[in-house]
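> whatever this is, show me its structure:
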Amino acid sequence: MARITGIGGVFFKSRNDNKALAAWYQKHLGMPLEVWGGAALRWPDDKADDKGVTAWHVAGKDSQWFSPSDSAFMINYRVDDLGELIAQLHADGIEIVGGPESHENGKFAWIMDPDGNKVELWQPMAWDEKNKNA
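Numbers count the residues shown, from 1 in each chain. Below you'll find the predicted structure:
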């Protein structure tokens, strides 16, 4: 049987100004926007221990996972240095709505974008002696 092999892209509508929202992602999260308005994130550019993994999950209809957003989705962005990114976000006046937290697969924090979508930031890390207390 043929099967999917990964996520080929993430596409969503802006509730307001799509160009301003894309620019916010570029300024605050380092999204490498191309001339066509989107970004191409390539796995070979990711230097994390896991060599690149994309999680996929369907949440239950009563899930509060995406709260305080009322969106039906949340995007998890891999980051290279969560501590540094959080410091940059604080300096830019962006509230961290959750985290940072350490889990067996890395560090996490959550913010809200200007359209009210909850954004998960993830620094992947192997759960080993080196990273257990990171």
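> V119 in helix, strand or coil?
Secondary structure assignment for V119 (DSSP: H, G, I helix; E, B strand; the rest coil): strand.
> which outside residues touch the lengthiest helix in the chain?
Assignment by DSSP state H gives helix 18-29 as the longest helix of the chain. Here helix 18-29 makes contact (CB atoms under 8 Å, 6 or more residues apart in numbering) with 14, 31-33, 37-38, 77, 79, 85, 88-89, 92, 94, 113-115, 119, 121. The way it works is simple: take the backbone N, C-alpha and C, and place the C-beta from them, glycine included.
> just these: which are in helices?
Members of the contacts of helix 18-29 lying in helices (criterion: DSSP H): 85, 88-89.
> for R3, see how far away the residue nearest to I111 when sequence neighbours are not counted is.
Nearest non-adjacent residue to I111, counting by CB to CB, 6 or more residues apart in numbering: V119, 5.1 Å away. With distances taken as CB to CB, to the nearest Å, V119 is found 29 Å from R3.
> who has more neighbours out of those two?
Of the pair V119 and R3, V119 is the one with more neighbours under other CB atoms under 10 Å, namely 19 against 4.
> so that one is in contact with W110, correct?
Yes: with contact defined as CB atoms under 8 Å, V119 counts as touching W110 (6.7 Å).
> returning to that earlier point: can I get the longest helix of the chain in CSV, CA atoms only?
Extracted in CSV, the C-alpha atoms of helix 18-29 (Å, rounded to 0.1, in the frame of the first residue of the first chain):
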residue,chain,number,x,y,z
ASN,A,18,-1.3,37.6,5.9
LYS,A,19,1.8,39.6,4.9
ALA,A,20,2.0,41.2,8.3
LEU,A,21,1.6,37.8,10.0
ALA,A,22,4.3,36.3,7.8
ALA,A,23,6.6,39.2,8.6
TRP,A,24,5.9,38.7,12.4
TYR,A,25,7.1,35.0,12.0
GLN,A,26,10.2,36.2,10.1
LYS,A,27,11.1,38.9,12.7
HIS,A,28,10.4,37.0,15.9
LEU,A,29,11.0,33.4,15.0
